[in-house]
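Chemist: Quick one, structure for this:
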Amino acid sequence: MLSISGLHSHYGASHILQGVDLEMATGRIAAILGRNGVGKTTTVKTIMGLVAPTGGSITLDHTAITGWAPHRVARAGVAYVPEGRLIFPDLSVIENIKVAERTPAKAWPIPRLLELFPSLDERQRNKGSQLSGGEQQMLAIARALVSDPKVLLLDEPSQGLAPLVVRELARVIRLLCDAGVTILLIEQNMKLAEVVADELHIMVKGRIVYSADPHRFRAEEQQIRTRYLTV
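Modeler: The predicted structure follows:
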């Protein structure tokens with residue numbers, strides 16, 4: 001489904017991604033964990049075309065999308081939920097979703113999205129600024145889904161959310177996977193990643209240095225924390 005090979009990206013003279021390799025199968029959830037500043041967000045931005053790669057390749061369903069403009073990547077079937085949500089505060093819930101609806105959605109039409117997110121259904125006429133943090137995050141995911149993506153890029157979705165909301169987020173992520181959406185999850189919340197992901201990866205200094213399934217990851221969690229995640 002999504003294949004990344006030897007991916008490099010720079011911000012000016014700063015070499016951020018230094019040879020990222022990642023293979024994702026259809027209908028799987030992969031999580032990338034790591035300390036701040038190691039290149040996790042740059043990875044999804046490079047996939048999405050928001051950061052130009054300086055080396056390597058990105059392939060989606062056997063089509064090379066390396067260096068494509070964001071609108072072409074979106075049309076190919078990739079949707080991005082950015083860190084911080086970035087919803088439109090002065091638009092209603094429905095208007096926020098329709099902004100991303102290029103053509104009538106087939107897999108994720110608005111009625112199905114409102115069924116998936118009951119709180120949005122109850123508040124569909126409210127402005128984005130009137131929603132709680134959790135509701136804003138669900139709105140950002142709904143806005144991405146209305147484009148009927150093959151791959152969903154989630155950047156730090158649990159950031160700033162209460163534990164109860166994080167549990168609801170985990171439920172939604174697994175439901176999306178069960179519905180056939182392939183998900184790349186960028187997270188600091190290790191527990192959320194363990195609960196939802198089919199495979200977990202650790203990034204250090206722009207490279208993925210460790211990969212495991214949840215069972216192995218849990219067995220090695222203390223060593224992983226000490227070696228890669230503790231500041």
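Chemist: From here on, just use CA atoms for contacts and neighbour counts.
Modeler: Noted.
Chemist: Could you find the closest non-adjacent residue to Asn189?
Modeler: Ser158 (7.1 Å; CA to CA, 6 or more residues apart in numbering).
Chemist: Report the separation between the one you found and Leu169.
Modeler: Using CA to CA, to the nearest Å, one obtains 8 Å as the distance from Ser158 to Leu169.
Chemist: Name the residue in these two with the higher neighbour count.
Modeler: Ser158 (24 against 21; other CA atoms under 10 Å).
Chemist: Make sure I have this right: that one is in a strand.
Modeler: No - counting by DSSP: H, G, I helix; E, B strand; the rest coil, Ser158 is not found in a strand; it is coil.
Chemist: So the residue nearest the centre of the chain, which state does it fall into?
Modeler: By CA atoms, centre = their mean, the mean C-alpha position of the chain lies nearest to Leu154, the distance being 1.5 Å. The assignment at Leu154 comes out as strand when based on three-state DSSP.
Chemist: I'd guessed it sits against Val181; true?
Modeler: No - assessed by CA atoms under 8 Å, Leu154 is found out of contact with Val181, at 11.9 Å.
Chemist: for the helix or strand bottoming out on mean pLDDT in the chain, packing partners?
Modeler: When each helix and strand of the chain is scored by mean pLDDT, DSSP states H and E, helix 221-224 comes last, with a mean of 90. On a contact count with 3 or more CA pairs under 8 Å, 6 or more residues apart in numbering; DSSP states H and E, helix 221-224 meets no helix or strand.
Chemist: how far does that helix sit from the chain's center?
Modeler: Put simply, helix 221-224 sits 24 Å off its chain's centre (CA atoms, centre = their mean, to the nearest Å).
Chemist: Go through the lengthiest helix in the chain and flag the buried ones.
Modeler: Ranked by residue count under DSSP state H, the longest helix found in the chain is helix 163-178. Within helix 163-178, the residues that count as buried by 16 or more other CA atoms under 10 Å are 165-166, 169-170, 172-174, 176-177.
Chemist: same deal with stretch 76-88?
Modeler: Neighbour count says stretch 76-88 has 76, 78-85, 87-88 buried, by 16+ other CA under 10 Å.
Chemist: Let's have the residues you listed in JSON lines, adding pLDDT and secondary structure.
Modeler: Below are those laid out as JSON lines (pLDDT from 0 to 100; DSSP: H, G, I helix; E, B strand; the rest coil):
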{"residue": "Ala76", "pLDDT": "95", "secondary structure": "helix"}
{"residue": "Val78", "pLDDT": "97", "secondary structure": "strand"}
{"residue": "Ala79", "pLDDT": "97", "secondary structure": "strand"}
{"residue": "Tyr80", "pLDDT": "97", "secondary structure": "strand"}
{"residue": "Val81", "pLDDT": "97", "secondary structure": "strand"}
{"residue": "Pro82", "pLDDT": "94", "secondary structure": "coil"}
{"residue": "Glu83", "pLDDT": "90", "secondary structure": "coil"}
{"residue": "Gly84", "pLDDT": "86", "secondary structure": "coil"}
{"residue": "Arg85", "pLDDT": "83", "secondary structure": "coil"}
{"residue": "Ile87", "pLDDT": "93", "secondary structure": "coil"}
{"residue": "Phe88", "pLDDT": "94", "secondary structure": "coil"}
